[in-house]
Structure formats: structure tokens, C-alpha cells
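Chemist: Sharing a model prediction with you, sequence too.
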Amino acid sequence: QVQLVESGGGLVQAGGSLRLSCAANDRTGSRYTMGWFRQAPGNEREFVAAITWSGTNTAYHDSVKGRFTISRDNAKNTVYLQMNSLKPEDTAIYYCAAGPRTWSGSRIARNYDYWGPGTQVTVSS
């Protein structure tokens, strides 16, 4: 079973940057498409970004395109989310996830098999 742990969250001012990391417990994690999702209080969990196991394909929610970049280092069993030009509306708990069987399903949370516990990102105005 793949275990995921996020890190890198924190408090930042609007316009600032953060880099989130998601470490898998073993190399099986490198075989999966990986995604980042976020959930703000009172909201449903929403898709942020996804990347195929090879890193060839990436996808982003429209609200983060041009500001966030997803990447992965399979040698380190780690996926990253570089977040630039952060806005107060980016405030949420950010989760990484692994496992959708098809790339077309990578934007849908229920298609993921494994989830990390989340890391809080707070952007002040």
C-alpha cells in the first residue's frame, strides 16, 4: 500500500510562493499518476494539478494555470507543487493523491486510491 506525506505548507503573503512536496513510502508510488487537490472550509475537495508517472503529461485547474507547476522526481519518490503568485483564495488544505487508472480520470478525486493527510496553506492579503 502506498503511503503519502505532504510537507511545505505554511503562511505566506499574497504574491508569495510556496513549494509543496509529497513523499511516497516506496518506489511503487513512482508508478502512479499523481495529483494535488485542495479543500477550503465549507467547500468540496477540488482538483489542482496532476502528472503522469513519466512526467510527460500534466494538467491544471484553470484557476492555477500559469501560477502553479507540478513536477516529480521518481528517484526520490516525490512529487512537487510549486505555487507562485499566491492569492488569498488559494488558502486551503492541500492533499496529494495517487492512483487513477486513466489519465482522463485524473481530475476526479474519487478515482484516486491513496491520499496523504494534507498540509495547510494560508495566504494572507
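Modeler: Everything's here; your move.
Chemist: What's the separation between the spatially most central residue of the chain and Leu20?
Modeler: Against the mean C-alpha coordinate of the chain, by CA atoms, centre = their mean, the closest residue is Trp36 at 2.2 Å. To Leu20, Trp36 is 7 Å away according to CB to CB, to the nearest Å. In this view, the C-beta of every residue, glycine as well, is placed from N, C-alpha and C.
Chemist: Tell me the residues that contact both of the two, please.
Modeler: Common contact partners of Trp36 and Leu20 (CB atoms under 8 Å, 6 or more residues apart in numbering): Leu81, Tyr94, Cys96.
Chemist: count of residues packed around Glu6?
Modeler: Here the number of neighbours of Glu6 (other CB atoms under 10 Å) works out to 22.
Chemist: residue contacts, it?
Modeler: Leu20, Ser21, Cys22, Tyr94, Tyr95, Cys96, Gly116, Pro117, Gly118, Thr119.
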